[in-house]
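1. here is my input, please return the structure:
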Amino acid sequence: MIQELLECNDVIEWEDCSDAYCKCSILKSQNRMEVILLCDHSEWKTSAAIRYLGRFSISNVHIVDFNEPEILKSKIKEYRGKISWFRTCTRTQLDNELTEMEEECRTFLKEAIYLQFPYWRQRREEIYLFAKRNIAELDNIAEILADEESKSTLSEILRCSAGNDVYRRIEGKQEDKYWDCYKHRPDENWINCGSAEGDTILKYIGQGWQYRTIYAFEANPQAFGRLHTNIDQSNLEGIQMINEYIGLKDGGISIDDRFKETPISLINMDIEGAELDVLLGGIETIKRFRPVLAICAYHKAADLVDIPRFIRKTLDRYLIYLRKYRGFEPNTLNEYVYYAIPEERKLDG
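-> Numbers count the residues shown, from 1 in each chain. This next block holds a predicted model:
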């Protein structure tokens, strides 16, 4: 399955003519030789772009001008599901030029604006290159995921990276992040790793979930100050706020050091790629008390494999799920979470 997802050589790359060179090396390395240039009415820039592409042996170039909306519309329909890159000159130009298009085309093009940001391009490329080197491992991960939704989510993440495309499956609501797939308890002892300003805690309580104690860890002093203010203003009890890094690196105190006698029932992590380090420092506590784990895996490409593989090798009778949530920029490769759920806390049905 993984091999097929990564062999997406029929993908179309869209670029503004003036910046066509930006993707040439990637196009060549991924054997993608077909390009559509969205022309911004400049003949000399179009000619320059074609000459530059020729230096990379990319000669199959299709030019579409904003002055030809019907052709542009037909191309979108023809290649829908294959188009992976679109760079608009400006948002205003996009709105003005495409006002008369059918809603489906207009929505698609506006959605694709997110593909222009260098951060998301880099994220997709990192995942793609990692996946190409770890096809067998990703196939193994797909096999151990507990339901079809998890397998489909993994497939879409890989398709999105291989096709340089936006994420096209339905994303979960942000307020449901960390709370899916398991039975909640009225007396949760919850370790919130990376509390930031307390938004996750407030969303949890806003959903009506109950708890005994929340241990809110936030290492950043500025974020911790805002966390303290938000929790204090909400008049919430049973929340311990700790301005420390929890983990094995950088002098942190591990979960096992701090909680070996505390019956922890829930741990979530969104800590900028340090998730596996924190897991390693809490494994005895996790084995003893069998908490639900909700762990972000989008900061490092390798976490797609490393986190579920570690859980599978280390913990008995845990089910592994993968879910994707809508982030501050929708339809991008962010906000996906691995759940590790003890069999006894699996949802019925």
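2. so residue 341, which of the three states?
-> Three-state assignment for residue 341 (DSSP: H, G, I helix; E, B strand; the rest coil): strand.
3. I'd like the numbering to begin with 2 instead of 1 from here.
-> Okay, using 2 as the starting number, the last item reads as residue 342.
4. residue contacts, the closest residue to residue 173 other than its chain neighbours?
-> Leaving aside its chain neighbours, residue 173 sits nearest to residue 326 (4.4 Å; criterion: CB to CB, 6 or more residues apart in numbering). Glycine gets a C-beta too; all of them are placed from N, C-alpha and C. The contact partners of residue 326, taken as CB atoms under 8 Å, 6 or more residues apart in numbering, are 172-175, 177-178, 336-338.
5. these two touch, right, residue 167 and residue 333?
-> Yes. Residue 167 lies in contact with residue 333 (CB atoms under 8 Å); the separation is 7.0 Å.
6. just name the shakiest helix or strand of this protein by mean pLDDT.
-> strand 14-17 (a mean of 44; mean pLDDT, DSSP states H and E).
7. domain parsing for the protein?
-> 12-116, 171-346 (automatic domain parsing).
8. where in the chain is pLDDT low?
-> 2-47, 49-51, 53-122, 165, 251, 350 (pLDDT under 70).
9. hey, where'd the strands end up in it?
-> 14-17, 35-40, 61-66, 190-194, 214-218, 240-243, 267-270, 293-297, 319-325, 337-343 (DSSP state E).
10. what sits up against stretch 237-247?
-> 192, 194, 196, 202, 206, 212-220, 222, 225, 228-229, 232, 252-256, 259, 279, 282.
11. out of the residues you listed, which are buried?
-> In these, burial by neighbour count holds for 192, 194, 196, 202, 206, 212, 214-220, 225, 228-229, 232, 253-256, 259, 279, 282, counting by 16 or more other CB atoms under 10 Å.
12. the residue nearest to residue 173 and residue 151, how far apart?
-> 14 Å (CB to CB, to the nearest Å).
13. next: residue 281.
-> From residue 281 to residue 151 the distance is 23 Å (CB to CB).
14. who has more neighbours, the two?
-> residue 151 (23 against 16; other CB atoms under 10 Å).
15. give the contact list for residue 265.
-> 190-192, 256, 286-287, 290, 292.
16. could you do residue 271 as well?
-> Residue 271 neighbours (CB under 8 Å, 6+ apart): 194-195, 197, 201, 297.
17. nearest to residue 127, of those?
-> residue 297 (15.5 Å; CB to CB).
18. I'd say that closest one and residue 335 touch.
-> No. Residue 297 lies out of contact with residue 335 (CB under 8 Å); the separation is 9.0 Å.
19. these two: which is more packed in?
-> residue 297 (24 against 20).
20. who's the more buried one bridged to?
-> Residues in a beta bridge with residue 297, per DSSP bridges, are residue 338.
21. who are the contact partners of it?
-> 270-272, 276, 336-338.
22. most neighbours, which of these?
-> residue 270 (28 neighbours).
23. beta-bridge partners for it, please?
-> With DSSP bridges as the rule, residue 270 is bridged to residue 194, residue 296.
24. looking at it, it is touching residue 292, isn't it?
-> No. Using CB under 8 Å, residue 270 is not in contact with residue 292, being 11.7 Å away.
25. ok, residue 201 to residue 287 distance?
-> 20 Å.
26. how many residues are close by residue 264?
-> The number of residues near residue 264, taken as other CB under 10 Å, comes to 13.
27. correct me, but it touches residue 290?
-> Yes. Using CB under 8 Å, residue 264 is in contact with residue 290, at 5.1 Å.
28. hey, what's residue 323 bridged with?
-> residue 339.
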